[in-house]
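Asks: requesting a structural model of the entry that follows:
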Amino acid sequence: EIKAPTTQIPSSNISSVANTEADAVEVFSFEVSDQGSGDGEPTLLNTIMIEKSADNEVEDWSSVIKEAKLNDGAVDLTITNLSINTDNINFDLSGNEYSIADGNTENLRLSIWLNESQSDGDTIAFEVPENHDFGADVNGSLLSDSILAPIASNPFTIQVEATDFEINTVSSTQVNDIFNLNVRAVDVNGNTDLEARQLSLALNSGSGNLISSSVGLGPLAMNDGFYEWTDLEYDTEENIIIEVSDGDGLTVNSPEIDIIPLIKTVFFSEYIEGSSNKAIEIYNNSGGTIDLIDFSIARYTNGSESISYEYFLSEHQSLLSDQDDLVIAYSGSNNGILDIADATSNVTYFNGDDALALLYKGNIIDVIGEIGTDPGTAWDVAGISEGTQDKTLVRKASVKEGNPDNLSSFGNNPMDSEWIVYDADEFSYLGNHFRCSAPTEQISEISFQNIGKNNAEINWNAPTGLHSIVLLKEGSEVDFPPISGTNFTGNPDFSQANE
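Replies: Alright, predicted model coming up:
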């Protein structure tokens, strides 16, 4: 007979780090009796199967339970084969049958220990059902096929108790640039502790100011063992370490973060994409010579969120002078491009749907396209469909710095875009980027006279060095250049409303 014990093992928590036999936890007990029918034969158990009870919440026991054993209060049973399955634990005792003497009762207790990977708060519970799967050797007394009622354990809860904070953040970022830092409360196996905690940040090392303009540095409540700051900033160029604390004795330091100078004035100035002609131009508008050791171009192919190919600019040269450019081309481009190029690299083996980024110490300072997104064929630029395929893009002369925000530089029309879009294989601008600045003095005393349908006379007082004026017709593009005037220099781009 299989029956419930007088007292069942009480409920408790099972630590997620109970991963060895030394950590085994008793979870269930049951009794097996030989009825002493006068045959003088013992009951020889050769199979014991423990199944899930109604209180169980763990879907797959094999993913949670590492090992199990049975004990009769004196010794552990010798198990021929143990199978931990999705819905049961099967003890095969064949050849090592457990003997219960004629007329005796034995109390058997199940102990388990866990796999390293666990979910905090999972409930596990055990049962011998009415129609059980125990077995006895035919050379002894036999078991009845069923019992009057299921024998169920109390429920046990798997508890993850954090002893560490898993901190993920950047290895470097620019002064006053926004960066993320997220924290997960974990045990030694990396399991997440879902207990509510109040987190705070502080500087462990560093002389500057660390801020989060949206939420501050805490205390802030974790959500299911996780919290992320999305707008941290630091104002001093140095290496720092950030301290994370829950105010209850658990304090962990972040990896060292390199706060680097704010770099904006080195950027992509030209992009050429054709069937075989491909090139990228980098322009230095910093006001001084720069060391290229920490600059690289990254290609993100077909919507990849991670770098597919990276080229470090210092592979070609160590320095780039102020107002100078560096042209990297695909080796299969025509001679007109290769004659201008400073270097060739497979980083330029891009198509119209591949994003490019200019990196400084791994930080994005300029971008073409949208990292992590595949547009299908190409992105629109300045209102021109598929402007990154079979096109040449030239950065407008008025642009002074890079734009690290995905797609932001492309704009929606020729006026708000940072780029001028040319047809394929236009490379007459390559290797000779120019930029312009607003004059320190503006024109004055502008007057309009003799205004006709297609012409107008404009007079103004021009300060020294001013050589032209741009006239835009409201509601349409400029479709004619001025036909007379002093110091006017014709520019065909004006007729396209690109400047």
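
Asks: what's the closest non-adjacent residue to the spatially most central residue of the chain?
Replies: Centroid-nearest residue in the chain, with Cα atoms, centre = their mean: Glu305, separated by 8.4 Å. In this structure, Glu305 finds its nearest non-sequential neighbour in Gly372, 4.1 Å apart by Cβ to Cβ, 6 or more residues apart in numbering. C-beta coordinates here come from the backbone N, C-alpha and C atoms, glycine included.

Asks: so where does that neighbour fall, helix or strand?
Replies: For Gly372, there is no host helix or strand (DSSP states H and E).

Asks: wait, it touches Ile307, no?
Replies: No. Counting by Cβ atoms under 8 Å, Ile307 is not a contact partner of Gly372; they are 11.5 Å apart.

Asks: when those two are compared, which one has more neighbours?
Replies: Ile307 (17 against 12; other Cβ atoms under 10 Å).

Asks: and the more buried one, what does it touch?
Replies: 298-300 (Cβ atoms under 8 Å, 6 or more residues apart in numbering).

Asks: let's have those in CSV, adding neighbour count and secondary structure.
Replies: Converted to CSV, the contacts of Ile307 look like this (neighbours: other Cβ atoms under 10 Å; DSSP: H, G, I helix; E, B strand; the rest coil):
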residue, neighbour count, secondary structure
Ala298, 20, strand
Arg299, 22, strand
Tyr300, 23, strand
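
Asks: quick one: which of those is nearest Gly225?
Replies: Tyr300 (31.2 Å; Cβ to Cβ).

Asks: Ile365 is in contact with Leu359, correct?
Replies: Yes. Checked against Cβ under 8 Å, the pair Leu359 and Ile365 is within contact range at 6.9 Å.

Asks: show me where the protein dips below the pLDDT cut-off.
Replies: 435-444, 454, 462-499 (pLDDT under 70).

Asks: and the helices in it?
Replies: Per DSSP state H, the chain carries helices over the ranges 335-338.

Asks: could you export stretch 239-250 as CSV, CA atoms only?
Replies: Presented in CSV, the C-alpha positions along stretch 239-250 are these (Å, rounded to 0.1, in the frame of the first residue of the first chain):
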residue,chain,number,x,y,z
ASN,A,239,38.2,57.9,-16.5
ILE,A,240,35.3,57.3,-14.0
ILE,A,241,33.8,54.4,-12.1
ILE,A,242,30.1,54.6,-11.1
GLU,A,243,28.9,53.0,-7.9
VAL,A,244,25.5,51.2,-7.8
SER,A,245,23.9,50.6,-4.4
ASP,A,246,20.6,49.4,-3.1
GLY,A,247,21.0,51.0,0.3
ASP,A,248,20.7,47.7,2.0
GLY,A,249,24.3,46.5,1.9
LEU,A,250,24.7,45.6,-1.7
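
Asks: for it, buried residues please.
Replies: 240, 242-246, 250 (16 or more other Cβ atoms under 10 Å).

Asks: also stretch 170-186?
Replies: 170, 172-175, 177, 179, 181, 183-186.

Asks: overlap in contacts, Gly372 and Ile307.
Replies: Contacts common to Gly372 and Ile307, judged by Cβ under 8 Å, 6+ apart, are Tyr300.

Asks: coming back round to it: distance to Ile257 for the contacts of Ile307 - can I get that in CSV?
Replies: Shown next, in CSV, are those (distance: Cβ to Cβ, whole Å):
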residue, distance to Ile257
Ala298, 20
Arg299, 26
Tyr300, 24
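
Asks: which non-adjacent residue is nearest Ser99?
Replies: Nearest to Ser99 is Pro42, by Cβ to Cβ, 6+ apart, at 4.7 Å.

Asks: phi and psi next, for the one you found.
Replies: phi -80, psi 170 (degrees, to the nearest 10).

Asks: stretch 180-197: how far from the chain's middle?
Replies: 16 Å (Cα atoms, centre = their mean, to the nearest Å).

Asks: let me fix that: stretch 150-161
Replies: 35 Å.

Asks: same question for stretch 13-32.
Replies: 37 Å.

Asks: and it, which residues are buried?
Replies: 14-19, 24-32.

Asks: what about the nearest residue to Glu26 once chain neighbours are set aside, how many residues nearby?
Replies: In space, not counting the residues next to it along the chain, Glu26 is nearest to Ser111; the distance is 4.9 Å by Cβ to Cβ, 6+ apart. Residues lying near Ser111 (other Cβ under 10 Å) number 18.

Asks: what does Arg395 give?
Replies: 26.

Asks: let me see the contact set for the closest residue to Phe268 other than its chain neighbours.
Replies: Distances taken as Cβ to Cβ, 6+ apart place Asp366 nearest to Phe268, at 5.1 Å, with adjacent residues excluded. By Cβ under 8 Å, 6+ apart, the contact list for Asp366 reads 266-268, 357-358, 402-404, 409.

Asks: likewise Asp380?
Replies: 386-387, 410.

Asks: likewise for Glu1?
Replies: Counted by Cβ under 8 Å, 6+ apart, Glu1 has contacts 32-33, 35, 143-144, 147.

Asks: rerun that using 10 Å as the cut-off
Replies: 31-35, 43, 105, 143-144, 147-148 (Cβ atoms under 10 Å, 6 or more residues apart in numbering).

Asks: using PDB, list the CA coordinates for stretch 90-98.
Replies: The C-alpha trace of stretch 90-98 is given here as PDB (Å, rounded to 0.1, in the frame of the first residue of the first chain):
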ATOM      1  CA  ASN A  90      11.400   8.300 -12.500                       C
ATOM      2  CA  PHE A  91      13.600   6.200 -10.200                       C
ATOM      3  CA  ASP A  92      14.500   2.800 -11.800                       C
ATOM      4  CA  LEU A  93      15.600   0.400  -9.100                       C
ATOM      5  CA  SER A  94      16.000  -2.700 -11.300                       C
ATOM      6  CA  GLY A  95      18.700  -4.900  -9.900                       C
ATOM      7  CA  ASN A  96      18.700  -2.800  -6.700                       C
ATOM      8  CA  GLU A  97      15.200  -3.400  -5.600                       C
ATOM      9  CA  TYR A  98      14.200  -1.700  -2.300                       C
END
